[in-house]
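S.K.: Give me the fold of what follows.
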Amino acid sequence: MTTRPATVADLPAIDQVFRTSFCDTFAHLYDPRDLAAFLAGFTPEGWAAEFADPAYAFQVGEAEGAVVGYAKLGPNKLPHVAPGDVIELKQLYLLKEAHGTGIARALIDWVQAEARRRGASRMALSVWSENWRAQAFYKRYGFVDRGPVTFMVGNHPDEDRVWEAAL
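M.R.: Predicted structure coming up:
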């Protein structure tokens with residue numbers, strides 16, 4: 001397993017990791033129409049626009065030359081977090097086969113280092129309120145729960161929790 005900066009050529013693989021991981025983890029929670037509407041919001045043009053924006057940063061995790069995970073940083077848009085030198089971990093997704101391999105640790109280490117390099121002293125993220133595995137992972141990195149936020153999947157509102165950590 002290795003990590004490296006993402007390239008434009010990685011965007012289709014990042015999209016596939018996102019869709020596969022999200023659906024493997026959460027699809028059973030939603031009406032298929034809500035899931036389809038949510039996923040339709042992630043387009044090749046959208047991924048490319050974020051990738052081209054210097055406010056965002058992407059890192060991929062690979063196994064045997066294939067992208068099996070990624071992390072994306074960007075401007076904070078979450079509530080319950082004081083403004084200032086804060087950055088948001090927008091996404092950290094892995095394929096099931098990459099769980100337990102150390103790739104998540106490598107990606108979060110990159111996330112924290114990149115956030116510091118960008119001048120952030122704090123990081124925010126959101127996690128579904130019942131995603132205990134992710135919450136335990138982030139707690140190990142010093143994240144603390146700051147409060148609820150509604151996360152929409154189509155017309156289905158979920159309760160996420162906003163988490164924040166000092167870097």
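S.K.: Check residue 1 and give its pLDDT.
M.R.: With respect to pLDDT, residue 1 scores 86.
S.K.: Provide a list of residues in contact with it.
M.R.: By Cβ atoms under 8 Å, 6 or more residues apart in numbering, the contact set of residue 1 is 61, 62, 63, 68, 98, 101, 102, 103, 106. C-beta here means a position set from N, CA and C on the backbone, and glycine is covered the same way.
S.K.: try it again with 7 Å
M.R.: Contact analysis of residue 1 by Cβ atoms under 7 Å, 6 or more residues apart in numbering lists 61, 63, 101, 102, 103, 106.
S.K.: all strands of the protein, in order?
M.R.: Along the chain, counting by DSSP state E, strands occupy 2-5, 57-63, 66-75, 86-94, 122-128, 144-153, 156-166.
S.K.: and of these, who's closest to residue 19?
M.R.: Among those, strand 86-94 comes nearest to residue 19, with 9.3 Å by Cβ to Cβ.
S.K.: Nearest spatial neighbour of residue 112, chain-adjacent residues omitted?
M.R.: Nearest non-adjacent residue to residue 112, counting by Cβ to Cβ, 6 or more residues apart in numbering: residue 167, 5.8 Å away.
S.K.: is it true that the one you found touches residue 116?
M.R.: Yes: using Cβ atoms under 7 Å as the test, residue 167 is close enough to residue 116 to be in contact (5.3 Å).
S.K.: Turn the contacts of residue 1 into TSV, including pLDDT, neighbour count and distance to residue 85.
M.R.: Below are those laid out as TSV (pLDDT from 0 to 100; neighbours: other Cβ atoms under 10 Å; distance: Cβ to Cβ, whole Å):
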residue	pLDDT	neighbour count	distance to residue 85
61	98	27	27
63	94	15	34
101	94	15	32
102	95	11	29
103	96	23	28
106	97	17	24
